[in-house]
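Student: next input, structure requested:
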Amino acid sequence: MPVNPMNRREFVQKSAVTGAAVAVAGTLGTGTAEAAPAKPECKPRTWSFSILGTTDLHSHVFNWDYYTNAAYKDSKGNTYGIARIATLVKNLRAEKGEDRVLLVDAGDIIQGTSLAYYYANVDPITGKDGKRGPKHPMALAMNEMRYDAAALGNHEFNYGVDVLRAFERQCRFPLLGANALDAKTLKPAFTPYTVKRIKVPGAPDIKVGILGLTNPGIALWDKDNVSGKLVFPGLVEQAKKYVPRLRALGCDVVFLTDHSGLDGSTSWGDELPYVENASNLVAEQVPGIDAILVGHTHVDVPTYTVKNAETGEDVLLSEPYCYGYRLSVFDFELELEHGCWKVTGKTATTLNSNTVAEDPKITELLTADHELVVKYVNTAIGTSTVDMSTAEACWKDVPAIDFIHEVQMETVKAGLSAADAALPLISVAACFSRTADIPKGDVTIRDVAGLYIYENTLYGKKLTGAQLKDYLEYAAKYYHQVPSGTAVDTATLTNANSFWDYMYDTAAGVSYEIDIAAAEGSRIKNLTYNGAAIPDDQVFVVAVNNYRANGGSGYPHIAAAEAAYSSTNQVRDLMIAYATAKGTIDPSTFAATNWKLTQDGTPVF
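Tutor: Predicted coordinates:
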């Protein structure tokens, strides 16, 4: 993949806060010539400015749930969408001063809703049938809001590099990824950083260096899209390279936007030598950083401080809740000493988007796109003989998840070689949403999209009986241990070990019990195939999504397993095609209760 030309030269853009031309430094840029120094003053000059931050917007434009076909609401009165964030930003610029506000994002912009899917696949921004593609609604909104920079999120790569590059070309701000490197040259494939200037009358500009870091997990999660094209070293490693560079360029403030959480955890086990949620480690191990906008983990952390191990200086971190629920606000106080600006104070908090209305300009820009997607997702594709809900799918075998299993097994079976077709075929899949529902009667695209919300593709991988048991034991750590004779409360049963719903796989095609009274590692009981115990050396073909097949969530054996099948078709599309082709979804033809929870052999439900 060629290196982005913006990495080889400076480019000049209009300042998001002043309208003046400012230099944006790439890997080789040094910025424009310094303005003449201000005349010496008797007293140090002080100044303040703010950086506003969003993350994990996932193409939530308006406060609208495409899966329920209604305005989003929850019991706490939350709202989401970039249109409301735009109002918060506008209000803060008016309050603090247009020339004292920068706006930054921490990634995961172009995937996550039916709107994102539509402009990647149905009417792609890359163009179709020789015609030029449309503008991405998120590019339109973020350009209108005058973003100064955005980090690459891992989900930016879900639709392939071509879609990401098309989005990048449509943005009037740089997509930053200091640890997204060309696989052949190991040079930056995206702009690593940008330098912005805060104008101070009668004094030198305040130079703000913004460094963007993405998640190393892309190498696993989107292996099919990036293998041989891009590599993703760790955040700490690349920050150690670029933070000194920004200081050498004369940056008075160094601000990082990381698509990486702040608790030092990793979901992929030992599949990669880098940490997934490394923002706290970057703050602790890399001197010279003032603050970090955190993303990736979909939590609201208004303010968090980490002390740098080398300098003893405090690094300020904040992560706003995803989808546009919240906006982070970093406020900086500086003082001019001997011609240089020094940070003397900094605070962070998050603001709730439910306090404001949607911005009229964003509404005007994107309503037509939104309505087009609403019409698309409400297209009927078939009928269902019964209602299939996922409300209990995290502790019961339910037909809705069996629908996913059925499509996965049918698809993989049709694509196997003659030799592999002789092997027993099973499927593993997770419940991605506890509120999904395939209704009795007409089934629409949005019903299926609500059940399968990710852009996963499909693999067939070979596992032995012993490896399959290990796989299921790993999944069973999702449950808290509940001793025999103790009442089971579903409100506290799941998500042990920070094992979230999307990480928990059930299997179809084999039968088994999960003994939640037993210790982790010895919970899978009575694992059988066609009523018989499974030999350790029995080879299965396992239908599994690409995220899991490439090591996502750290399941044992699956990443290294031999592939018997692979496809670039998304599982969601396969489910839509299944419903369309058959006309009727009838769970009586595929649903079976083949797994259950027990306590010392006694069924829980």
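Student: measure residue 434 to residue 384 for me?
Tutor: As judged by CB to CB, to the nearest Å, residue 434 and residue 384 stand 19 Å apart. Bear in mind the C-beta positions are built from the backbone N, C-alpha and C, glycine included.
Student: between these two, which one's more packed in?
Tutor: residue 384 (22 against 13; other CB atoms under 10 Å).
Student: so what's that one closest to, chain neighbours aside?
Tutor: residue 585 (4.4 Å; CB to CB, 6 or more residues apart in numbering).
Student: any idea how far the one you found is from residue 287?
Tutor: 58 Å.
Student: look at these two and report which has more neighbours.
Tutor: Under the criterion of other CB under 10 Å, the comparison of residue 585 against residue 287 puts residue 585 first, with 26 against 18.
Student: now do the contacts for the more buried one.
Tutor: 382-385, 388, 403, 438, 443, 578-579 (CB atoms under 8 Å, 6 or more residues apart in numbering).
Student: can you rerun that using 10 Å?
Tutor: Residue 585 makes contact with 381-386, 388, 399, 403, 406-407, 438, 440, 443, 447-448, 575, 578-579, according to CB atoms under 10 Å, 6 or more residues apart in numbering.
Student: again with residue 290
Tutor: Taking CB under 10 Å, 6+ apart, one finds 51, 208-209, 251-256, 283, 313-316, 330, 332, 343, 346 in contact with residue 290.
Student: mind listing the strands in the stretch 351-500 of the chain by residue range?
Tutor: Listed in chain order, the strands of the stretch 351-500 of the chain (DSSP state E, counting those that start in this stretch) span 380-384, 388-389, 425-430, 437-438, 441-444, 457-464.
Student: among the ones you listed, which is the most enclosed?
Tutor: With neighbours taken as mean count of other CB atoms under 10 Å, these reach their highest mean count in strand 425-430, at a mean of 24.
Student: tell me which strands it pairs with, and in which orientation.
Tutor: Looking at strand 425-430 with DSSP bridges, its partner strands are strand 505-508 (antiparallel), strand 539-545 (parallel).
Student: so for residue 486, which of those sits nearest?
Tutor: strand 505-508 (23.2 Å; CB to CB).
Student: looks to me like residue 56 is in a strand.
Tutor: No. Going by DSSP: H, G, I helix; E, B strand; the rest coil, the assignment for residue 56 is coil, not a strand.
Student: so what's the closest residue to it other than its chain neighbours up against?
Tutor: Spatially, and ignoring its direct neighbours in sequence, residue 56 is nearest to residue 322 (3.6 Å; CB to CB, 6+ apart). Contact analysis of residue 322 by CB under 10 Å, 6+ apart lists 54-58, 60, 80, 108, 112, 295-300.
Student: state the pLDDT value of residue 322.
Tutor: Confidence at residue 322, expressed as pLDDT, is 98.
Student: could you measure from it over to residue 579?
Tutor: 29 Å.
Student: same check on residue 457?
Tutor: In terms of CB to CB, residue 457 sits 19 Å off from residue 579.
Student: residue 531 against residue 511, yeah?
Tutor: Yes. Using CB atoms under 10 Å, residue 531 is in contact with residue 511, at 7.8 Å.
Student: which of the two has more residues huddled nearby?
Tutor: Between residue 531 and residue 511, residue 511 has the larger neighbour count (other CB under 10 Å), namely 19 against 6.
Student: dump the residue contacts of the more buried one.
Tutor: Each residue near residue 511 by CB under 10 Å, 6+ apart is listed here: 397, 526-531, 534, 592-596.
Student: which of those are buried?
Tutor: 397, 527, 529, 534, 594-596 (16 or more other CB atoms under 10 Å).
Student: and these, which two are the farthest apart?
Tutor: Farthest apart among these - using CB to CB - are 397 and 534, which lie 18.3 Å from each other.
Student: then the strand or helix carrying residue 236 to CSV, C-alphas only?
Tutor: Secondary structure assigned from DSSP states H and E places residue 236 in helix 235-248. Provided in CSV are the C-alpha atoms of helix 235-248 (Å, rounded to 0.1, in the frame of the first residue of the first chain):
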residue,chain,number,x,y,z
LEU,A,235,0.8,2.4,21.4
VAL,A,236,3.6,2.8,23.9
GLU,A,237,6.2,2.0,21.3
GLN,A,238,5.0,4.6,18.8
ALA,A,239,4.2,7.2,21.4
LYS,A,240,7.8,7.0,22.6
LYS,A,241,8.9,7.8,19.0
TYR,A,242,6.5,10.7,18.2
VAL,A,243,6.0,12.6,21.5
PRO,A,244,9.6,13.7,21.5
ARG,A,245,9.2,14.7,17.9
LEU,A,246,6.3,16.9,18.8
ARG,A,247,8.2,18.5,21.6
ALA,A,248,11.2,19.1,19.2
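Student: pull out the buried positions in that helix.
Tutor: Buried-residue list, helix 235-248, by 16+ other CB under 10 Å: 235-239, 242-243, 245-246.
Student: if we can go back for a sec, got a quick ChimeraX command for the buried subset of the contacts of residue 290?
Tutor: What follows is the ChimeraX syntax for the buried subset of those, where burial is set by 16+ other CB under 10 Å:
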select :51,208,209,251,252,253,254,255,256,283,315,316,330,332,343,346
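Student: just the ones of the contacts of residue 290 in helices?
Tutor: Taking DSSP state H, the ones among these that sit in helices are residue 283.
Student: which of the contacts of residue 290 fall in strands?
Tutor: Among the contacts of residue 290, the members found in strands (DSSP state E) are 51, 208-209, 253-256, 314-316, 330, 332, 343, 346.
Student: closest one of those residues to residue 491?
Tutor: So of the ones in strands among the contacts of residue 290, ranked by how close each gets to residue 491 (CB to CB), first place is residue 316, at 35.0 Å.
Student: excluding its backbone neighbours, what's nearest that closest one?
Tutor: Nearest to residue 316 is residue 291, by CB to CB, 6+ apart, at 4.2 Å.
Student: tell me how far that neighbour lies from residue 335.
Tutor: Distance of residue 291 to residue 335, computed by CB to CB: 17 Å.
Student: before we move on, what about residue 175?
Tutor: Counting by CB to CB, the gap from residue 175 to residue 335 is 33 Å.
Student: just want to know which of these two has more residues nearby.
Tutor: Taking other CB under 10 Å, residue 175 and residue 335 do not tie; residue 175 has more neighbours (25 against 14).
Student: let me see the contact set for the closest residue to residue 352 other than its chain neighbours.
Tutor: Spatial nearest neighbour of residue 352, chain neighbours left out: residue 326 (6.1 Å); criterion: CB to CB, 6+ apart. Contact analysis of residue 326 by CB under 10 Å, 6+ apart lists 53-55, 78, 80, 85, 88, 299-302, 318-320, 349-354.
Student: list buried residues within those.
Tutor: Using 16+ other CB under 10 Å as the burial test, these include 53-55, 78, 80, 85, 88, 301-302, 318-320, 350-354 as buried.
Student: now intersect these with the helices, please.
Tutor: Short answer: the buried ones among the contacts of residue 326 in helices (DSSP H) are 85, 88.
Student: quick one: which of the ones in strands among the contacts of residue 290 is nearest residue 363?
Tutor: Nearest to residue 363, judged by CB to CB, of the ones in strands among the contacts of residue 290 is residue 51 at 25.6 Å.
Student: these two touch, right, that closest one and residue 347?
Tutor: No. With contact taken as CB under 10 Å, residue 51 and residue 347 are classed as non-touching, separated by 11.5 Å.
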